[in-house]
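Model the structure of this input:
(one chain, ligands or ions: 1)
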Amino acid sequence: MNNQNLTGKVITPKDSSYDNERSIYNAMIDKKPALIVKCRKTEDVVNAVNYARENNIEVSIRSGGHNGAGLALVEEGLVIDLSEMKAIKIEAQAKTAIIESGNTLGDVDAATHEYGLALPSGIIGTTGIGGITLGGGLGYLSRKGGLTIDNLLECEVVLATGEVVIAKKDSYSDLFWALRGGGGNFGVVTSFKFNLIEIKNVYAGPMFWPMEQAEEAIKFWDTHTKNASNNLYGFFAFLIVPPAEPFPEHLWNKNVCGVVWNYTGPIEKAEEVFKPVRAFGPPILDFVGEIPMPALNSMFDALYPKGMQWYWRAHYIKELTPESIKINIEHGSKIPTMHSTTHLYPVDGACHEVGNNETAWANRDARWSQVIVGVDPDPAKADEVTEWCKDYFDALAPHAMGGGYVNFMMNEGQERIKASYKENYKRLVEIKTKYDPTNFFHINQNIKPS
Ligand SMILES: Cc1cc2nc3c(=O)[nH]c(=O)nc-3n(C[C@H](O)[C@H](O)[C@H](O)COP(=O)(O)OP(=O)(O)OC[C@H]3O[C@@H](n4cnc5c(N)ncnc54)[C@H](O)[C@@H]3O)c2cc1C
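Numbers count the residues shown, from 1 in each chain. Coordinates of the predicted model:
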């Protein structure tokens, strides 16, 4: 095959950088693509799409390479690697940003923070803007500003035909609807235009309670945040305290429960807002205080570097019942390794102001997206963290809504994908059939054309 029509930097198994270029965040994944095309501009993406289509080669799309199931890579196929497409243009007056797909959330935070602005997105700075946006986008600003897709204004997309289109509210509106939650099924998004919200410093950080207080703590957090304004966000977690500074030594390696808070209201009111929170317990660790937004968004980056073993599963949760709380405490007490954890991310507040069928993201009636993550640096622990994760997931399944956040899914089969998109699945199939009838883009949580 003559790959002279490919532009950008083309990497093959013969290149010394090949192993580095095919490595992604989850070290459980070991796929060997035939070609990695490091695109620098839209034209490189067009050429890669045309080349793969004309030569009948499977393609995957990589932005940040964070996908747990390893969907950034394709065995023996062509990887359209966008990680070098890093332009960001902020329009401070209009409070918008045009962001190329190779940027990480850390890049986006750094650029927007300079203007006192922020994009609601995820909680780890190394995650790619491409995958997180197309799957939905949950994070510390979800209650205030909605999902990442709720702030999306337009996308530049390379379709399976190689055609470049702009999808927005009044142009390719069906495609724009599908891109907001439907993942990488419809084309390669080379850049996104977002609305930004005004955020500079926040009053935020983790607060822990002992496991003996877990039942009261989770109930307190549930009722307290239910009645709170959208300025107060907190995700609940079961975790093992890392044996390192800044955590106090007497807590190292202890199983605890906790909340990572983010208050985005007037800073002078923060102490008052946290009075009832601090009165509960009291907490055994309280690192909540005023910090810049990017410091919150990168707080756990060092704890979770690239190259560990990851296995995760996800549920949508509408209500915490006495039985589901019991299950959470039981499995949360058996966390197998220090990096493993479970988080319940709020999807209420501003996320509930958008209807279930206004975007492809069909789970606005959930209150939380729960992720159960088994993680460890040691490959010998891969089975142990996977088993714990699956057992926890199975035990909670009868208390969950069905389906799961596609960005937190492994390869879990077609029924799980359908359950995640619920009543929106039918429309997604129609749009997939219109824009990608041959299922050219299928290395993803796949929506099959009819
Ligand atoms: C440590 C960690 C923390 C995370 N935290 C959060 C969080 O706080 N909130 C949250 O919502 N999610 C979170 N996630 C999940 C994350 O959203 C997904 O893993 C997402 O797929 C990562 O995007 P990426 O660009 O890095 O992925 P990649 O692995 O590069 O891509 C994954 C898939 O997304 C699609 N895709 C990516 N870019 C494009 C593009 N430009 N055009 C078309 N399709 C594309 C493709 O189908 C691709 O296979 C986290 C993941 C990890 C590992």
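
Now the stretch 251-400 of the chain against the ligand: closest residue?
Of all residues in the stretch 251-400 of the chain, Tyr304 sits closest to the ligand, at 4.9 Å by CB to the nearest ligand atom. Every C-beta, even on glycine, is put in place using the N, C-alpha and C of the backbone.

Over to that residue: give its phi and psi.
phi -120, psi 70 (degrees, to the nearest 10).

Contacts only, for it.
Tyr304 sits next to 124, 126, 339, 375 when contact means CB atoms under 8 Å, 6 or more residues apart in numbering.

out of the residues you listed, who's near the ligand?
Filtering the contacts of Tyr304 for neighbours of the ligand using CB under 6 Å from any ligand atom leaves Ile124.

If you count contacts, what does the helix or strand where Ala295 lies end up packed against?
Here Ala295, judged by DSSP states H and E, is contained in helix 293-297. Contact here means 3 or more CB pairs under 8 Å, 6 or more residues apart in numbering; DSSP states H and E; on that basis helix 293-297 packs against helix 105-113, strand 201-210.

wait, does that helix contact the ligand?
No: between helix 293-297 and the ligand, judged by CB under 6 Å from any ligand atom, nothing touches; the nearest distance is 8.9 Å.

How far does that helix sit from its chain's centre?
16 Å (CA atoms, centre = their mean, to the nearest Å).

how about the nearest residue to the residue nearest in space to the middle of the chain, chain neighbours excluded?
Here the mean C-alpha position of the chain is nearest to the C-alpha of Ile132 (CA atoms, centre = their mean), at a distance of 4.4 Å. The shortest distance from Ile132 to any non-neighbouring residue, by CB to CB, 6 or more residues apart in numbering, is to Gly122 (5.2 Å).

Would you mind listing what in the stretch 201-350 of the chain touches the ligand?
Residues of the stretch 201-350 of the chain lying close to the ligand (CB under 6 Å from any ligand atom) are Tyr304.

residue ranges of the strands in the stretch 201-350 of the chain, please?
201-210, 232-240, 255-263, 285-286, 289-292, 309-317, 341-346 (DSSP state E, counting those that start in this stretch).

Asn20 is nearest to which of those strands?
Of all these, strand 309-317 sits nearest to Asn20, with 18.7 Å by CB to CB.

Only alpha carbons, please: show that closest one as PDB.
In PDB, the C-alpha atoms belonging to strand 309-317 read as follows (Å, rounded to 0.1, in the frame of the first residue of the first chain):
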ATOM      1  CA  GLN A 309      -3.800  -0.800  35.100                       C
ATOM      2  CA  TRP A 310      -7.300   0.500  34.800                       C
ATOM      3  CA  TYR A 311     -10.600  -1.300  34.800                       C
ATOM      4  CA  TRP A 312     -13.900   0.500  35.400                       C
ATOM      5  CA  ARG A 313     -17.600   0.200  35.300                       C
ATOM      6  CA  ALA A 314     -20.400   2.800  35.600                       C
ATOM      7  CA  HIS A 315     -24.000   3.200  36.700                       C
ATOM      8  CA  TYR A 316     -26.500   6.000  36.600                       C
ATOM      9  CA  ILE A 317     -28.200   6.400  40.000                       C
END
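
Next, the angle from that strand to strand 341-346.
40 degrees (axes from the mean of the first three to the mean of the last three CA atoms, to 10 degrees).
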